[in-house]
Each structure stands twice: as C-alpha cells, then as structure tokens.
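Visitor: Below: sequence and its predicted model.
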Amino acid sequence: MSAMASTMNNDAILKVEHLSMRFGGLMAINDLSFEVRRGEITALIGPNGAGKTTVFNCITGFYKPTMGMISMQQKDGKSFFLERMADFEVTRDAKVARTFQNIRLFSGLTLLENLLVAQHNALMKASGYTVLGLLGFKSYKDASKEATEKARYWLEKASLIDRADDPAGDLPYGAQRRLEIARAMCTGPELLCLDEPAAGLNPRESQELNKLLRSIRADNGTSLLLIEHDMSVVMEISDHVVVLEYGQKISDGDPAHVKNDPRVIAAYLGVDDDEVETVRHEVEEGAN
Amino acid sequence: MATVTNPSTASTGSLTAKALREATFTAVMTFLMFVLFVGLKTDQNMRNELILVPRWGLLAIFVIIAFVGRFAMVAWLQPWRTARKAAKDAAPAQTTDAGFVKRNFSKLAILALVLYPPIILSLFGAQGSLKYIDNFGIQILIYVMLAWGLNIVVGLAGLLDLGYVAFYAVGAYSYALLSINFGFSFWILLPLAGILSAFWGIILGFPVLRLKGDYLAIVTLAFGEIIRLVLINWQDVTQGTFGISGIPKITLFGIPFDASPHGFAKIFNLPMSSAYYKVFLFYLILLLCLLTAFVTIRLRRLPIGRAWEALREDEIACRSLGINTVTTKLTAFAIGAMFGGFAGSFFAARQGFVSPESFVFLESAVILSIVVLGGMGSLTGIAIAAIAMVGGTELLREMDFLKHIFGPDFTPELYRMLIFGLAMITMMLVRPRGFVGSREPTAFLFERKNVSGSFTKEGHG
C-alpha cells in the first residue's frame, strides 16, 4: 500500500490528448484531453449523448479516433499508443480491460468458465499454443490449476463463489455486473474501464459495487476509469471527475470542485432563459 | 379450472361436445380447402377435351381423416397431456440418480462398436455381413466423423458453414490424385489430405472473417459450389464428371487385402473374402472417429476451445478480453476442415472411385442437419443423430415389404428427403435444441452441472 501511495498522484497512467471522433457529420468528441492518474478512481460523467461511451470505445480500440493521441504508461515503464492498436491488443498488451454498458457475458458458459476465458492469453502460452496442451503436457495442467485459483479468488471477491458452476445467464442482474468486472480483472489489467457499472442496481447492490471497486484499487493496484450516471457512486468513490458535454470537456477536478462548477450545473439541470446570459458570461470567463 | 384438474367427471359431456364441434368445423374447412385440389381433377378425354374428373371418395377420406384427427386431439390427446403435465408438476422433484448405462454411455457405445464386426460376422457369415458392416457401419461412421468435424465450426465456434463438403472433397481428391499419380500410401496421404483441407479451410476463412450469420452462410455455400465446379471443369487433372477410378486400396502396414500370395488372407491362412477388408475399414474409420472425439474433447478444455465457445456466445466480449478473434476463427475453420479432409481421404480409399457427384450441396446439408439434430456441440447427440439420419435412410432401402403394400413401383429410398424433412420438423417441435440440448461445462469448482440449452447461444457468425 505504501509503495502504491508513493506512486499515487505522481504519474498519469492514461493520457488522452486532443482526441476527436467524427461520425460522418457528427463530431462525437471534439478535441478532448484529460488524464487518468495511477492508483486513482477517475469518473467520466456527462449528460446523455455527451460522448462518454465513444471515449471508452476509442480508448479500448473498438473505434479508431479521427484525431488525437491516447497513451498508456505501464508500471514497468512500457508505453503504448492505444489509438494505433487493435481492440484485443489493447487488453492483451497494453493491459486496459473494459466492461460494457449492456452487460456482455458468455451466458451459456459457467461463471468459472467465463473467468477462464478471460485468462485466454496466459493459458494459450502455457498450452504451447494448443500443441503441448493437446498432448497433455504438465505445464498446461499447472497453468490451468493456477488459472482456476485466480478465478476462485475473483469469484470470492465478487461474492459469487457459491454460484461458480452455474451458467452466467442464470445470475440476477447485479451479480452479472459483478461477474463482468471480475472477468475483466482476470485479464490482469493495470487500468480498468467500467461503462456504467451501477446502472440498474438497487442501493444495496450499489454499495456492494462501491466496496468491490475500492478493494480492486487497494488490493490489486488497478487504476479505474468509470462512466457513471449514479452521482452517489461518483461522489463517493471517485478521486477525480471529468465532465463531458457535446463531446467537449466542461469541467475537470475533484468531486467537490465539479459539483459546484456552474457549467456542470447548467449542463445537467439547464438554466432559465433569463440566466442564459449570466451563464454564458461565466463560461466565457472560465474559458479565458 | 375444474375442467383441467378433473376432466373425468362433470366435464366429460361438454368435452365430447366441444370435440365434436371442433372436429365438424375442421372437417368443413378441410372440405373447402381440398374440394378444388383433390375433389376435382382436370383431365383429357379421348377427343383431347378438357374434362373434370370428380374424386369424391378421395375427398371424403381427407375430410374423415381431418374430422377423426381433430376429434381425437381435442377429446383424448389434450386432456391426457394436461393430466400428465399436472401429474408431473405434482410429483416431488425426484433426485434422478443416473443409472449405470447413462453414466458409462460413451464407454459402452465404444465397446459395442468394437464388438460389432465380430458379432455381425458370426451372425451372418462373411458374405452376409458385408451389408451391415459396409452400408450401415462404415457409412454411418463416415458421417459421424464429418459431423463431429463440422461440429467444431458450427457447434463450438458458432460459424454457420454450408460448404463443409468442400473440405471432404479436397481430402478425397488429394488422396485420389496423389496416390494414383505419385503412388504414396494411405498412411502418408491421410495426414497430408488433412493438412491440405486445413489449408483450404484457412483460405476460406480469410475472406469470410468479417461476415456474420446469413452472409457467412451464403459465402460458405458458394465456396462449396466453387470447389465442386472446379472439380468438374478442371478436366486435365480431375477428369471432370467421369471421376477418378482405380484408387489404390489401403494396406495394413504393407499387407494388401487381395488374393496375391502376400495378401492378408494368404498370410493368415484364411479363406479369401472381401469381408476382411471391410472389417479393417470399419476399425479404421472407428479409430479416426475416436481420434476426432478425443481431439474435440481435449480442445474444449484448452483455451482455444473455450475461446471458440466464448466466440459463439459473444464476439465483442471476446475481443474485450484480449482474444484475437481472427486467429480463433481461422483455427476453428482449419481444424474442422482437417477432420473433413481425413474423412474425405478415407472415403476415396473405401470407394476406390471419386467424382464430383459425391460432393454436392445436399451432402453439406445432411452433415449440417446431423449437427443441428444432435444438439450443437454435443458429441453423443451428434452420433445418435448420424445413426438416425444415415442409418434411417439405409434402412429405407431394406423395406422391401412396403412394395407389397404400395405396389411394385414403390421405391422407399425416394422418400428419404420427405422423411428427412419430417424428422427435422418434428425435432424442432419436440426438442428445439437437438437430441442433447444441454452443454457440459469444461471446468468446474465444486460440481459438474450441465448448462441448459436455454442459456447457450447458437452463434451469429
């Protein structure tokens, strides 16, 4: 923990610089720059359609940005330019894992299998790219056992261990969310991107989720970037909040700062007609 | 509610009335529907005039069948079904302790297959056994192997492949051409045919990687046709529709099965018979099938197999977990094609003759229906389906007694497709997930619980 604390706040794990994404005539993201710092929980918030998920898809390689640079700095000093990598390479090499807004589990596989699929690349290497594993070499059996233990660890952590052998599609909604996070963690990421992890959860499940996210940061040293609408989650667990509106950053700072930012309030609540001028004035002042 | 739970007392009368009412309605509808189709037939008389031939008797039979069928359905079948369902729900959930046969099903099945030739030989003698070993045994096992190979592509990876027969053809022609032109033996050409087929699997795989669902199916279908058309038209090499004949037989490590002094029969001091070769072929294809099953079972427990199944469930999630879906799909195509190639080279060696006619789209359709009918992904289910489909059609040839009923012109094997379709439709209604609808997990922490078919997906690519 102390080693982690010392690196905290020092360096950025992910730097997004001048990112733009255009879909035909629509500028979904317009010149966006922000940083995710190592060991922190960063929240990306904004009204519907602000471009949050597009940012995520650019970071995780599902979209190729029109312009801009996304660089990932790993603990051991290796750095990657994510915008140049294919989606699976972002997870495999750059160690950035993600979850989805609409949960994407392998519903016909059991919980354990879901977590084993997530360890595909490590197991693939251990099985000698299938050849040694097919011949029944011991190295694969050991690696397989190890992978099962890792899966057990994450099942326990997500309090899903008693349903380990059930199909993932059979789980209730909240448990599916936790399983998706556990699955993403099984890829061994340094940065975990969560797309609305609290969506559709009841308050109790929401609390459990907060606990899980905090422990992921504390025990595993993983930095988190999350999109969230649930302000109780955002304000409670995040260290740093970035606010988007119409593909542009309108505020950036700690939760208390963002909460009181007039532009954020205006973006979320809108303003009365007679206030438009004052807000515009404030915005222009802020921009200068 | 009373009618449902207690149909035998007060509601019997009303039930009969209801059945009569519905049956009458159905009969009227049938009459209206068929009166022009069946009741009246247009024909020519001696003077080439168009006349109407009434067929009231036939129409009456149609109407009566509809009436009786509907009556039986409403009056007896439906109450019986509800009663059975109620009884089933009322009965306490019994803990089904799987019996000995169920637990050791695959071992017993393999044992039965190993003992099959000697039993048949002792029952029917050398000559009489040919039909059972060759037509039933070998024919079914070839399809089992093909279906298990396709199962990797369709059942596990969820990629709909309608051109699987192309790889079968590549395997068969590889063996035929290389053994005739270069004199290589079967044991060298078997792996070579597999490799060549796998190579073509990758060739097919590359362009179709971006396609999904219907589009993928269409392109694979086209690929199957391309291979067939090349075989027909590249006459210098393949001799076109004439096919290649005189393909060398397989030898048992150098011992040929013929009447020569070095032949199998002479060496072992046995009377000359073609049955030995058939029995040998039977064991060979059985061995190839077991190899396919072994590899499939092993692969499912390896990361590549899990990645295939994950790909079937959700491709985007796979990519988000760092799985290279391109290579994963290509390996599925390649390994599936490889088993098709093995089966193809065996087929060529067994027939001694190959022609493009053996590799028409219908073959792909049959293999795919076996996979679907068996339950996608389940080896046991597919084997059962292969026996039912291929064995069933072979059985139709045997039904000579039907000629006594329908007249001497009746050829039962012509009804093969009709029965085929009927079986598929029945299957869809009764067991939409195939004979074995549940999926066996590849790993477990505490207890191995089969995953119900309602959770697994069929794949979309």
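Guide: Good, I have the coordinates.

Visitor: which element is A:I250 on?
Guide: strand A:248-253 (DSSP states H and E).

Visitor: Need the residues that contact that strand.
Guide: With contact meaning C-beta atoms under 8 Å, 6 or more residues apart in numbering or on different chains, strand A:248-253 is reached by A:30-34, A:46, A:240-244, A:257-258, A:261, A:263-264, A:267. For the C-beta atoms, the positions are set from N, CA and C on the backbone; glycine is no exception.

Visitor: Which of the residues you listed fall in helices?
Guide: Among those, the ones falling in helices (DSSP state H) are A:H257, A:V258, A:R263, A:V264, A:A267.

Visitor: between those residues, which has the most around it?
Guide: Top of these by neighbour number is A:V258, holding 23 neighbours under the definition other C-beta atoms under 10 Å in any protein chain shown.

Visitor: rewinding a little: what lines up beside the strand holding A:I250 in the sheet?
Guide: strand A:240-245 (antiparallel) (DSSP bridges).

Visitor: Let me see the mean pLDDT of the strand it pairs with.
Guide: For strand A:240-245, mean pLDDT is 88.

Visitor: Contact residues of chain B facing chain A?
Guide: Residues of chain B lying close to chain A (C-beta under 8 Å from any C-beta of the partner chain) are B:295, B:298-299, B:302-304, B:306-307, B:309-310, B:312-314, B:316-325, B:331, B:439, B:441-449, B:451-452, B:454-457.

Visitor: again, only using 7 Å
Guide: With C-beta under 7 Å from any C-beta of the partner chain as the criterion, chain B comes near chain A at residues B:295, B:298, B:302-304, B:306-307, B:309-310, B:313-314, B:316-317, B:319-325, B:439, B:441-447, B:449, B:451, B:455-457.

Visitor: hmm, which of those are the buried ones?
Guide: With neighbours counted by 16 or more other C-beta atoms under 10 Å in any protein chain shown, these contain buried members at B:295, B:302-304, B:306-307, B:309-310, B:313-314, B:317, B:319-325, B:439, B:441-443, B:445, B:451, B:455-457.

Visitor: Of these, which belong to helices?
Guide: The members of these that map onto helices under DSSP H are B:V295, B:P303, B:I304, B:R306, B:A307, B:E309, B:A310, B:E313, B:A317, B:R319, B:S320, B:T325.

Visitor: tell me the two of these that are most distant?
Guide: Using C-beta to C-beta, these reach their maximum pairwise distance at B:V295 and B:S320, which is 28.8 Å.

Visitor: now the closest residue to chain B within the stretch 101-250 of chain A, nearest residue through space, not along the chain?
Guide: Per C-beta to the nearest C-beta, A:G108 is where the stretch 101-250 of chain A lies closest to chain B, at 3.0 Å. Closest residue to A:G108 apart from its sequence neighbours, by C-beta to C-beta, 6 or more residues apart in numbering or on different chains: B:T456 at 3.0 Å.

Visitor: What of A:V117?
Guide: Nearest residue to A:V117, sequence neighbours excluded (C-beta to C-beta, 6+ apart): B:A310, at 4.4 Å.

Visitor: Any figure for the gap between that neighbour and A:L115?
Guide: 11 Å (C-beta to C-beta, to the nearest Å).

Visitor: wait, what's in contact with the residue most central in space within chain A?
Guide: Nearest to the geometric centre of chain A sits A:C193, at 0.8 Å (C-alpha atoms, centre = their mean). Going by C-beta atoms under 7 Å, 6 or more residues apart in numbering or on different chains, A:C193 touches A:F56, A:I59, A:T60, A:V96, A:R98, A:L225.

Visitor: Need the pLDDT of the nearest residue to A:T110 once chain neighbours are set aside.
Guide: Once flanking residues are discounted, A:T110 sits nearest to B:P441: 4.7 Å by C-beta to C-beta, 6+ apart. pLDDT for B:P441: 83.

Visitor: same deal with A:L44?
Guide: With respect to pLDDT, A:L44 scores 89.

Visitor: So which residues make contact with stretch A:126-145?
Guide: A:A122, A:L123, B:V295, B:R298, B:L302, B:P303, B:I304.
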